[in-house]
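Q: how does the following fold in three dimensions:
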Amino acid sequence: MSNTNLVSLRIITSDITRLVKFYEQVAKAKAKWATDDFAEIVLKSFTLAIGSTRTLAFFGEGTAEAAANKSVIIEFLVENVDEDYQRIKDIATEIVQEPTTMPWGNRSLLFRDPDGNLINFFTPVSDDAKKKFA
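A: Down below sits the predicted model:
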């Protein structure tokens, strides 16, 4: 087993206040602001960092682009995806897929944040999936 650990995912946005408020509602957790351009939502398994486009000056021009993700899905393990759907449908920009049981044993809800990033809320429902996340 590798000693490399994923501890944080950072989203770059042109409207940090809007995106932080959205993810506070999604994660049911309060963000910790380091500066006006950088906030973190610390969860049990990892930290969701949100930075404004102004933070890109530290990395170099063209390093990242806000609201341009078409390949990453941000996934949250939730206790009951069907119950969360009732809450999420009121705050999500778009519901991509209502709760659906997937062939690999998770019940998934796909939706988008205000920048168009894809989010998956999932609950293991098959025996194998439950064992994996026990």
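Q: so which residue is smack in the middle of this structure?
A: Ile74 (4.1 Å; CA atoms, centre = their mean).
Q: surely that one and Asp115 touch.
A: No: applying CB atoms under 8 Å, one finds Ile74 not in contact with Asp115, separated by 11.1 Å. Yep, even glycine has a C-beta here, placed from its N, CA and C like the rest.
Q: who touches both of the two?
A: Ile11 (CB atoms under 8 Å, 6 or more residues apart in numbering).
Q: how far off centre is the longest helix along the chain?
A: If you go by DSSP state H, the chain has its longest helix at helix 16-27. Chain-centre distance of helix 16-27: 10 Å, with CA atoms, centre = their mean, to the nearest Å.
Q: can I get the CA coordinates of that helix in PDB?
A: C-alpha atoms of helix 16-27 as PDB (Å, rounded to 0.1, in the frame of the first residue of the first chain):
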ATOM      1  CA  ILE A  16     -15.600  32.100  -4.800                       C
ATOM      2  CA  THR A  17     -18.400  33.400  -2.500                       C
ATOM      3  CA  ARG A  18     -21.100  31.700  -4.500                       C
ATOM      4  CA  LEU A  19     -19.200  28.400  -4.800                       C
ATOM      5  CA  VAL A  20     -18.200  28.300  -1.100                       C
ATOM      6  CA  LYS A  21     -21.800  28.900  -0.100                       C
ATOM      7  CA  PHE A  22     -23.000  26.100  -2.400                       C
ATOM      8  CA  TYR A  23     -20.500  23.600  -1.100                       C
ATOM      9  CA  GLU A  24     -21.300  24.500   2.500                       C
ATOM     10  CA  GLN A  25     -24.900  23.500   1.800                       C
ATOM     11  CA  VAL A  26     -23.900  20.400  -0.100                       C
ATOM     12  CA  ALA A  27     -21.500  19.200   2.600                       C
END
